[in-house]
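>>> take a look and give me a structure for this.
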Amino acid sequence: MAVREKDPLSGTELTGHEWDGIKEMDTPVPWASRWALWISIAVSVLFWVLYPSFPAVTGYAKGLLGYSSRAEVAAAVEQADTGRAQAFAPFASEDIAALAADPALQARYGAAISKLYADNCAACHTAALTGQPGFPDLTDGHWLWSGTPEEIEYSIRYGINAAHDDTRSAQMLAFGADGMLEKPQVREVTEYVLSLAGLEHDAAAAARGKTVFEDNCTACHGDDGRGGLEVGAPDLGDGRWLYGGSREEIYRSIYAGRQGVMPAWEGRLSGAQIRMLTLYVLWNGADAPG
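Numbers count the residues shown, from 1 in each chain. Next up, the predicted model:
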């Protein structure tokens, strides 16, 4: 048996491996490191037995403890849902008018409901509820379908021109584009609408436009142009405009028509959440208490 070379300083045998003049000594692994290795192997085997580990053909090894992170998360979500349901229990009532008459609700729930509004409504109606072109101002007290708690809840629940069997339907016809009125008639009606709103207008053209208005527009907007809550027709004399009150915008509305869409939130939000949003609109409206 060949005698292996030894390190001249320590007397430890060398392995025979050498790199760039550096020779490797045959030093055993420390016992602490060996024990650490064996202990880690034992712990890993223990975890394999106790917790979910190896995959199988139709599932996986469940482990003796039956632990499941998915079940733990599901339990936490269920607990959170239960707590939320308890916290917002008052809104489970079907009587929105009774909820609207309770002044304590706003102080207690207003901040929480504002987040619900921000997540679902602010993109169209803005964070301040003041609307933008094509999306109504919810604070001004002017309503297409009435501003009672029941009617606001209905609009939120079923929407307007939405994909829901109970949705409200409203449409401004395209009188010019569809050939029901000639362009001169559209201009004359535009002047008449400007006169109803007390805006600068051509009196002679408005007088001619009044006849055209009576023949084509009163069925929805009424004889005096004050609108109709039954059909969602806007008041043309209140100075509030959904698509703009300039001569150009009014002309465009009459000529090309309008058909806005309010989504139906039933099925997306719970009944309690819809009532919360109804109350939030009422709390921030022109007739809000305080």
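>>> so where do the helices sit in the stretch 101-250 of the chain?
Assigned by DSSP state H, counting those that start in this stretch, the helices in the stretch 101-250 of the chain fall at 104-120, 122-125, 149-158, 183-196, 203-216, 218-221, 247-256.
>>> packing partners of the last one?
Contact here means 3 or more C-beta pairs under 8 Å, 6 or more residues apart in numbering; DSSP states H and E; on that basis helix 247-256 packs against helix 183-196. Yep, even glycine has a C-beta here, placed from its N, CA and C like the rest.
>>> what's next to the helix it packs on, contact-wise?
175-176, 181, 200-203, 205-210, 212-213, 216-217, 224-225, 236-237, 247, 250-251, 254-255 (C-beta atoms under 8 Å, 6 or more residues apart in numbering).
>>> recalculate using a threshold of 7 Å.
For helix 183-196, contacts defined as C-beta atoms under 7 Å, 6 or more residues apart in numbering pick out 175-176, 200-202, 205-206, 208-210, 212-213, 225, 236-237, 247, 250-251, 254-255.
>>> tally of neighbours for the closest residue to Ser114 other than its chain neighbours?
Distances taken as C-beta to C-beta, 6 or more residues apart in numbering place Tyr280 nearest to Ser114, at 6.9 Å, with adjacent residues excluded. Tyr280 has 21 neighbouring residues, counting by other C-beta atoms under 10 Å.
>>> can you pull the contacts of Tyr280?
By C-beta under 7 Å, 6+ apart, the contact set of Tyr280 is Ile113, Ser114, Tyr117.
>>> that one in helix, strand or coil?
helix (DSSP: H, G, I helix; E, B strand; the rest coil).
>>> ok now stretch 22-33, how far from the chain's centre?
Averaging C-alpha positions (C-alpha atoms, centre = their mean, to the nearest Å) puts stretch 22-33 64 Å from its chain's average.
>>> okay, now it: how far is its last residue from its first?
For stretch 22-33, the first-to-last residue distance is 24 Å (C-alpha to C-alpha, to the nearest Å).
>>> over to stretch 98-106?
Across stretch 98-106, first to last residue, C-alpha to C-alpha, it's 13 Å.
>>> please point out which parts of it sit buried.
Across stretch 98-106, burial judged by 16 or more other C-beta atoms under 10 Å covers Leu99, Ala100, Leu105, Gln106.
>>> which one of the helices of the stretch 101-250 of the chain lies nearest to Ser68?
helix 104-120 (30.5 Å; C-beta to C-beta).
>>> what's the mean pLDDT across that closest one?
Averaging pLDDT along helix 104-120 yields 92.
>>> which outside residues touch that helix?
Residues contacting helix 104-120 (C-beta under 7 Å, 6+ apart): Pro90, Leu99, Ala127, Leu269, Gln273, Met276, Leu277, Leu279, Tyr280, Trp283.
>>> one more pass at 6 Å, please.
Met276, Tyr280, Trp283 (C-beta atoms under 6 Å, 6 or more residues apart in numbering).
>>> pLDDT for those - can I get that in a markdown table?
Shown next, in a markdown table, are the contacts of helix 104-120 (pLDDT from 0 to 100):
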| residue | pLDDT |
| --- | --- |
| Met276 | 93 |
| Tyr280 | 95 |
| Trp283 | 93 |
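>>> from Gly63, how far off is Asp26?
Look at Asp26 and Gly63: by C-beta to C-beta, to the nearest Å, they are 43 Å apart.
>>> try Asp20
50 Å.
>>> and what of Ala32?
31 Å.
>>> which one of those two has more residues nearby?
Using other C-beta under 10 Å as the criterion, Ala32 and Gly63 rank with Gly63 on top: 16 against 8.
>>> OK, contacts around Pro263?
Pro263 touches Gly159, Ala162, counting by C-beta under 6 Å, 6+ apart.
>>> let me see the backbone angles for it.
Backbone torsions of Pro263, given as degrees, to the nearest 10, read phi -60, psi 150.
>>> sounds good, over and out.
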